[in-house]
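Trainee: Can you look at this prediction? I've put the sequence above it.
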Amino acid sequence: MNKTFSAKPAEVVRDWHIIDATGKSVGRLCVDVAKLLRGKHKAIFTPHIDTGDHVIILNAGRAVYTGNNKPMEPIYRHTLYPGGIRSVPKGELLEKRPEYAIYRTVKGMLPHNKLGAAMLKKLRVYKGDTHPHEAQIIGMEKRKAATTTTAEAQG
């Protein structure tokens with residue numbers, strides 16, 4: 001009798017993905033990032049377990065909004081004081097704080113609960129093209145090389 005597979009948190013192997021946002025549409029970029037963070041690209045995807053990978057987005061300031069009035073569409077926030085509603089156009093937010101603009105868009109595409117918060121912690125967004133996670137990338141490449149060498153020796 002076959003049983004439904006359910007991933008266990010200890011079984012999940014997390015990779016690191018580097019995405020360059022230069023010239024890409026913010027919405028399409030964030031959809032791809034949300035899939036990687038959620039783990040939907042893996043065969044072991046389980047909805048109630050965090051099976052996603054780490055994602056690094058570089059050149060966030062070079063991403064673009066597309067469409068007729070998307071850059072002028074307002075983003076609202078509230079100061080929690082009476083009459084404290086504030087708004088800023090999306091285009092202006094992307095120019096001044098591109099990391100936050102992309103982070104905010106990805107956050108809206110993930111589950112709005114503790115699981116989504118855990119997934120969001122694996123997202124790193126940088127305005128420029130440098131990042132401090134080179135050691136993790138090199139470690140992941142070494143792990144993959146060791147896995148393929150072991151598989152070749154067995155088979």
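Mentor: Noted; the coordinates are in hand.

Trainee: how about the strands in this protein?
Mentor: Taking DSSP state E as the test, the strands found in the chain are 16-20, 54-58, 74-78, 85-89, 123-125.

Trainee: any chance of those strands in TSV, plus mean pLDDT?
Mentor: Formatted as TSV, the strands of the chain follow (pLDDT from 0 to 100):
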stretch	mean pLDDT
strand 16-20	95
strand 54-58	96
strand 74-78	93
strand 85-89	95
strand 123-125	97
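
Trainee: what would those look like in JSON lines with mean neighbour count and distance to residue 153?
Mentor: Heads up, the C-betas are built off the backbone N, CA and C, glycines and all. Shown next, in JSON lines, are the strands of the chain (neighbours: other C-beta atoms under 10 Å; distance: least, C-beta to C-beta, whole Å):
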{"stretch": "strand 16-20", "mean neighbour count": "16", "distance to residue 153": "26"}
{"stretch": "strand 54-58", "mean neighbour count": "21", "distance to residue 153": "29"}
{"stretch": "strand 74-78", "mean neighbour count": "11", "distance to residue 153": "54"}
{"stretch": "strand 85-89", "mean neighbour count": "12", "distance to residue 153": "57"}
{"stretch": "strand 123-125", "mean neighbour count": "20", "distance to residue 153": "35"}
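
Trainee: Flag every buried residue along the longest helix belonging to the chain.
Mentor: Determined from DSSP state H, the single longest helix within the chain is helix 134-154. Within helix 134-154, the residues scored as buried using 16 or more other C-beta atoms under 10 Å are 137, 140.

Trainee: do stretch 20-34 as well
Mentor: Judged by neighbour count (16+ other C-beta under 10 Å), stretch 20-34 contains these buried residues: 21, 24, 26, 29, 30, 33, 34.

Trainee: about what we covered before: by how many degrees do the longest helix of the chain and strand 16-20 diverge?
Mentor: Helix 134-154 and strand 16-20 meet at an angle of 120 degrees, taking axes from the mean of the first three to the mean of the last three C-alpha atoms, to 10 degrees as the criterion.
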